[in-house]
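A.B. asks: Quick one: sequence and predicted model below, then my questions.
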2 protein chains.
Amino acid sequence: MEQTNELAHRMGLKTIKLVDAAGNPVAGKEVVVKQTNHQFLFGCGIFDVIDVANKNVPADRLAFQEEKLNLFLDVFNQATLPFYWALFEPEKGKPRTKEVMAAAQWLKERNISVKGHPLCWHTLTAPWLLEMSNDEILKAQFERIERDVTDFKGLIDTWDVINEVVIMPIFDKYDNGITRISQDLGRVGIIKEMFSKTREFNPNATLLLNDFNTSINYEILIDGCLNAGISIDAIGIQSHQHQGYWGQEKLEEVLDRFSHFGLPIHFTENTLTSGHLMPAEIVDLNDYQIPEWPSTPEFEERQAKEVEEMYSILFKHPLVEAITTWSFSDDGAWLGAPAGFVRRDNSPKPAYDVLKKLIKGDWSTEVTATTDGDGRLSVEGFLGEYDLICGDKKVNFRIDKDGDTTAQLEV
Amino acid sequence: MEQTNELAHRMGLKTIKLVDAAGNPVAGKEVVVKQTNHQFLFGCGIFDVIDVANKNVPADRLAFQEEKLNLFLDVFNQATLPFYWALFEPEKGKPRTKEVMAAAQWLKERNISVKGHPLCWHTLTAPWLLEMSNDEILKAQFERIERDVTDFKGLIDTWDVINEVVIMPIFDKYDNGITRISQDLGRVGIIKEMFSKTREFNPNATLLLNDFNTSINYEILIDGCLNAGISIDAIGIQSHQHQGYWGQEKLEEVLDRFSHFGLPIHFTENTLTSGHLMPAEIVDLNDYQIPEWPSTPEFEERQAKEVEEMYSILFKHPLVEAITTWSFSDDGAWLGAPAGFVRRDNSPKPAYDVLKKLIKGDWSTEVTATTDGDGRLSVEGFLGEYDLICGDKKVNFRIDKDGDTTAQLEV
């Protein structure tokens, strides 16, 4: 594999000793070792899971969504679930905990890592905060974090704690409770409070700061947070590219600037469309409202090339640990954009096939090997979970970067 | 005075009891109370003091500079002295301490508050840092702070600790030792180290962060610093307006944004020229090099209007405590710009007269009053130092915002 050197940080070595039930080495035996899951997180926003897990839509819609989820499960190992306060708790005191928890459970049963998005954001925040004083808003936000982080602990251990703080205190499209308290606390202040509260109720969770602003503003904000003692587990970078693919140069420039902190980087919200580009003069993407935004064969080819290049660059970068494409499907995609890997009718686009080939092929390990006289075999492979198949027996193991390099397996 | 309300924060009340040598009240006596100095700092960059205090220039040049300084002393109460490392210590271990100290002493004797500028900056830093490792550069920077802050303590108790940090780690015009260590430490990190070191050797000094960047970048940087526990005494804002006066709207917008921190604000480097404007497309002002930049009667009128408006807006703002115009004179002004209050021949421009009228007239207090039967009189006046003249006797007192509101003076 010529890629080995560039991807050495994604791989590990494991020496396995195969024994039988009596503990005797299984010598000279041909076995198949096959990766079943990646340590790297390949994710999507896939909110359909809520409908499917709760079966609360008409049968034909349910069947369609189940088909969509099967295509998702075939490639990805991470899902982002929505916790927009306005939608999660439209009426104060009546959160949609049960429905979202069923979705998280459904995903966990299928070995999908789940992230909650977001705990604190000025957009889509609870409208009923507007009737409160700022002290009451902060208290309500804390209680919201305590409740949801506690309720979902074990099912959701990764959170976008706070979203888009660069713009938060100067957001002026409409009045909202979160902008109000961010003006009181300041940017670093509100991040500190929200991280501290989230950490309190799930100490081992992976906590992200997330922003679409990739300028020096976000760098300085992160620098301030780290110097203020806020323990950010991963830097979340949005990359909605409705107005055109960043390209290798910008992508590497962004990676370079945000690598200085030495923290893991998650591409949390990636969009590469298979349609015409949104005009460059649009500043807030939400302002672009058109009746139809078609996916076309020509642009689907462009999308596939961009997906291949971008995912490859990110997978090569040692600090990137996750890439989440924001809309798995054009059906229900943000802004009606043809932003998915599959079309509105669930048919996979070229980008789906390209990415599946990378994730399940090029970047996945499957080898056939024969144990030596002591029952040993060594496997070098991409980090993650594995099955070892020996005749009609199957056992599993992991290859980690810093974990045990040896294991004894009984078949 | 119609301005009283708008300037109430600049004024105080003092009740004085006048007694004679035997302690008896001096009743029914007419006295003159006259402000001699402002608490507010009206300053200039006035590097000529070094030549004058050291008398190390030819006699005709010296006479010219003395004339210039007399014009300066007639209006201003604050001076900024240069500590650019490249000029202060061109050869390692041979600082110009003696010369600069003579200047600081000269100013102190004339009741001028002195600020040192700057202790750490990537521009005009010592070129010999380039031969060092980053650890050695940081050590040298610390030693420089320790030496200079200690040497000048009592003469200089206000420092621009670190200059232009927003751009510092990405400054790419030329390699320099300070950019190198700022990349290691990060922005907040280098500010933290420099403030901590300066504070260590002059705990009661007024320490400023200073930048020309007035965008959200600088706001986020300050927010980060404060949350990281860095005690910034005043926010320094540069306002070199070679490309045109900001105008009331931008000025108030900047004031508004930097007021959120509740910290004193110093306008540290103000420029309003009496010449043609520098073209807007110039990004780094240093790139504008022209053989001659004349001061013209038309533009001198414009400058006077702008100075009057800008100083008035800043003096009204409760958090602003200092305004320093960067070049007192066109002679020796940065970029050769006609940036001074006086022309190359020391003749005052209209801006000089306008500002003198504000500082020494409109914003200054002088009253004649008669003591009552108990020898008492009350003075409401602009904060600062005062003479009370009673016959051929003169005593002095202060009006402070939070100080004693009463005083007994012997005449």
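C.D. replies: Sure thing, it's come through. All figures in this text were calculated on a predicted structure; none of them were measured in a lab.

A.B. asks: now the closest residue to chain B within chain A, nearest residue through space, not along the chain?
C.D. replies: Nearest residue of chain A to chain B: residue A:224, at 1.7 Å (Cβ to the nearest Cβ). For glycine as for every other residue, the C-beta is placed from the backbone atoms N, C-alpha and C. Leaving aside its chain neighbours, residue A:224 sits nearest to residue B:224 (1.7 Å; criterion: Cβ to Cβ, 6 or more residues apart in numbering or on different chains).

A.B. asks: Residue A:325 against residue A:72, yeah?
C.D. replies: No: in this structure, residue A:325 is not within contact of residue A:72 by Cβ atoms under 8 Å, at 10.3 Å.

A.B. asks: and these two? which has more neighbours close in?
C.D. replies: residue A:325 (26 against 23; other Cβ atoms under 10 Å in any protein chain shown).

A.B. asks: who does that one bridge with?
C.D. replies: Beta-bridge partners recorded for residue A:325 (DSSP bridges): residue A:44, residue A:270.

A.B. asks: Contacts only, for it.
C.D. replies: Residue A:325 is in contact with A:43, A:44, A:45, A:270, A:271, A:272, A:339, A:341, counting by Cβ atoms under 8 Å, 6 or more residues apart in numbering or on different chains.

A.B. asks: Check residue A:102 too.
C.D. replies: Taking Cβ under 8 Å, 6+ apart, we find residue A:102 in contact with A:50, A:53, A:54.

A.B. asks: quick one: the strands in the stretch 201-350 of chain A?
C.D. replies: For the stretch 201-350 of chain A, the strands defined by DSSP state E, counting those that start in this stretch occupy A:206-211, A:234-240, A:265-271, A:320-325.

A.B. asks: Go ahead and confirm the residue nearest to residue A:224 touches residue A:217.
C.D. replies: No: applying Cβ under 8 Å, one finds residue B:224 not in contact with residue A:217, separated by 11.2 Å.

A.B. asks: more neighbours, those two?
C.D. replies: Neighbour count, other Cβ under 10 Å: between residue B:224 and residue A:217, residue B:224 has more, with 27 against 20.

A.B. asks: domains for chain A, by residue range?
C.D. replies: Following automatic domain parsing, chain A resolves into domains at A:2-32+A:368-410, A:38-362.

A.B. asks: returning to what we had before: pipe the strands of the stretch 201-350 of chain A into CSV and attach mean pLDDT and distance to residue A:136 per row.
C.D. replies: Output for the strands of the stretch 201-350 of chain A, formatted as CSV (pLDDT from 0 to 100; distance: least, Cβ to Cβ, whole Å):
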stretch, mean pLDDT, distance to residue A:136
strand A:206-211, 98, 25
strand A:234-240, 98, 28
strand A:265-271, 98, 30
strand A:320-325, 98, 33
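
A.B. asks: need those in TSV with distance to residue A:313, can you?
C.D. replies: Output for these, formatted as TSV (distance: least, Cβ to Cβ, whole Å):
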stretch	distance to residue A:313
strand A:206-211	20
strand A:234-240	12
strand A:265-271	10
strand A:320-325	9
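
A.B. asks: do you know which of those strands lies nearest residue A:108?
C.D. replies: Across these, residue A:108 has its closest neighbour in strand A:206-211 (15.4 Å, Cβ to Cβ).

A.B. asks: hang on, isn't residue A:16 packed against residue A:408?
C.D. replies: Yes: counting by Cβ under 8 Å, residue A:16 touches residue A:408, with 7.5 Å between them.

A.B. asks: okay, the two: which has more neighbours?
C.D. replies: Using other Cβ under 10 Å, the more surrounded residue of residue A:16 and residue A:408 is residue A:16, with 22 against 14.

A.B. asks: Secondary structure of the more buried one: a strand, I assume?
C.D. replies: Yes: inclusion of residue A:16 in a strand is indicated when DSSP: H, G, I helix; E, B strand; the rest coil is applied.

A.B. asks: contacting residues around it?
C.D. replies: Residue A:16 neighbours (Cβ under 8 Å, 6+ apart): A:376, A:377, A:378, A:379, A:388, A:397, A:406, A:407, A:408, A:409.

A.B. asks: Grab the nearest non-local neighbour of the first one.
C.D. replies: The shortest distance from residue A:376 to any non-neighbouring residue, by Cβ to Cβ, 6+ apart, is to residue A:17 (5.2 Å).

A.B. asks: For the one you found, list the residues it contacts.
C.D. replies: Residues in contact with residue A:17 (Cβ under 8 Å, 6+ apart) are A:25, A:374, A:375, A:376, A:406, A:407, A:408, A:409.

A.B. asks: In contact with the residue nearest to residue A:224, which residues?
C.D. replies: Listed by Cβ under 8 Å, 6+ apart, the contact partners of residue B:224 are A:188, A:220, A:221, A:223, A:224, A:225, A:227, A:228, B:187, B:188.

A.B. asks: Also residue A:386?
C.D. replies: Residue A:386 touches A:33, A:34, A:35, A:36, A:365, A:379, A:396, A:397, A:398, A:399, counting by Cβ under 8 Å, 6+ apart.

A.B. asks: Just the ones of these in strands?
C.D. replies: Residues of the contacts of residue A:386 located in strands (DSSP state E): A:33, A:34, A:35, A:36, A:379, A:396, A:397, A:398, A:399.

A.B. asks: would you turn these into JSON lines with pLDDT?
C.D. replies: Formatted as JSON lines, the ones in strands among the contacts of residue A:386 follow (pLDDT from 0 to 100):
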{"residue": "A:33", "pLDDT": "97"}
{"residue": "A:34", "pLDDT": "97"}
{"residue": "A:35", "pLDDT": "98"}
{"residue": "A:36", "pLDDT": "97"}
{"residue": "A:379", "pLDDT": "95"}
{"residue": "A:396", "pLDDT": "95"}
{"residue": "A:397", "pLDDT": "96"}
{"residue": "A:398", "pLDDT": "96"}
{"residue": "A:399", "pLDDT": "96"}
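
A.B. asks: Just the buried ones among the residues you listed, please.
C.D. replies: Neighbour-count burial (16 or more other Cβ atoms under 10 Å in any protein chain shown) applied to those gives A:33, A:34, A:35, A:379, A:397, A:398, A:399.

A.B. asks: could the residues you listed go into JSON lines alongside distance to residue A:238?
C.D. replies: Shown next, in JSON lines, are those (distance: Cβ to Cβ, whole Å):
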{"residue": "A:33", "distance to residue A:238": "37"}
{"residue": "A:34", "distance to residue A:238": "34"}
{"residue": "A:35", "distance to residue A:238": "29"}
{"residue": "A:379", "distance to residue A:238": "36"}
{"residue": "A:397", "distance to residue A:238": "35"}
{"residue": "A:398", "distance to residue A:238": "31"}
{"residue": "A:399", "distance to residue A:238": "31"}
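
A.B. asks: Also near chain B: which of those residues, exactly?
C.D. replies: Applying Cβ under 8 Å from any Cβ of the partner chain to these, one finds that nothing falls near chain B.

A.B. asks: Next, give me the two most distant ones among the residues you listed.
C.D. replies: Within those, A:34 and A:398 form the most distant pair, 13.2 Å apart (Cβ to Cβ).

A.B. asks: circling back: would you mind checking the contacts of residue A:16 for buried ones?
C.D. replies: With neighbours counted by 16+ other Cβ under 10 Å, these contain buried members at A:376, A:377, A:379, A:388, A:397, A:407, A:409.

A.B. asks: Is the third one bridged to anything, and to what?
C.D. replies: Beta-bridge partners for residue A:379, by DSSP bridges, are residue A:14.

A.B. asks: The last one now?
C.D. replies: Partner residues in beta bridges with residue A:409: residue A:18, with DSSP bridges as the criterion.
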